[in-house]
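>>> Can you look at this prediction? I've put the sequence above it.
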Amino acid sequence: LLNLPLIIIKMSIKDELLKEHSRRQTDKITLLIGKNQDMFNELMHCVFSKDIKVSQRASPVMYECGLLNPTLLKKWHKKLIINLSNPVHNAVKRNTVRLYQFIEIPESTEGILSEQCFKLLRDQESPIAIKAFALTVISRIAEKYPELKSELILSFEQQRDYASKGLKSRATKVLKLNKE
């Protein structure tokens, strides 16, 4: 063994995010974070950054890390959901709602998450992907709370005439799953 000094390099998540905007960089940062809660916490501060470029680039990493290691999100659920009502980059909203399609939704956040998703679904300015993801999240919550089914159907019916083909397709699939 060589007796070389051990050099520890502290990587800044923010610096890595700003190096480039690519899938490759997203994957690299996701791999670096792994199951490390401290690094994930640093990432989450970037997601909530006022710097749009930083939050936009942090959000897909948050999505990937959340899918791979959902326990990292434990202390962040409420803040993530509340952030959906803030004027943030659509990438942040899209990746947040997209994540909740696939991970376990904590019972303590089901009410506020369904409320935020209904707002996104009804907002004419929301991009199609955000609306489609919101529709799916609400349908998942409605499996547990059937009274949300009728509200979900009504919300979609009110915009059916001007909804995109993609949103209509998602609604058809989701609403069939939720029929009694």
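Yep, that arrived.
>>> Grab the most central residue of this protein for me.
Central residue of the chain (CA atoms, centre = their mean): Thr96, 1.2 Å from the mean position.
>>> The closest residue in space to that residue that isn't next to it in sequence: what's it in contact with?
By the measure of CB to CB, 6 or more residues apart in numbering, the closest residue to Thr96 outside its immediate chain neighbours is Leu80, 5.4 Å from it. C-betas here are computed from N, CA, C, even on glycine. Neighbouring residues of Leu80 by CB atoms under 8 Å, 6 or more residues apart in numbering: Val47, Leu73, Thr96.
>>> Give the buried residues for the host helix or strand of Leu80.
Per DSSP states H and E: Leu80 is located in helix 77-83. For helix 77-83, burial by neighbour count (16 or more other CB atoms under 10 Å) applies to His77, Leu80, Ile81, Asn83.
>>> With stretch 107-123 instead?
The neighbour-count check on stretch 107-123 (16+ other CB under 10 Å) flags Thr109, Glu110, Leu113, Ser114, Gln116, Cys117, Phe118, Leu120, Leu121 as buried.
>>> what do you get for stretch 91-101?
In stretch 91-101, counting by 16+ other CB under 10 Å, buried: Ala91, Val92, Lys93, Arg94, Asn95, Thr96, Val97, Arg98, Leu99, Tyr100.
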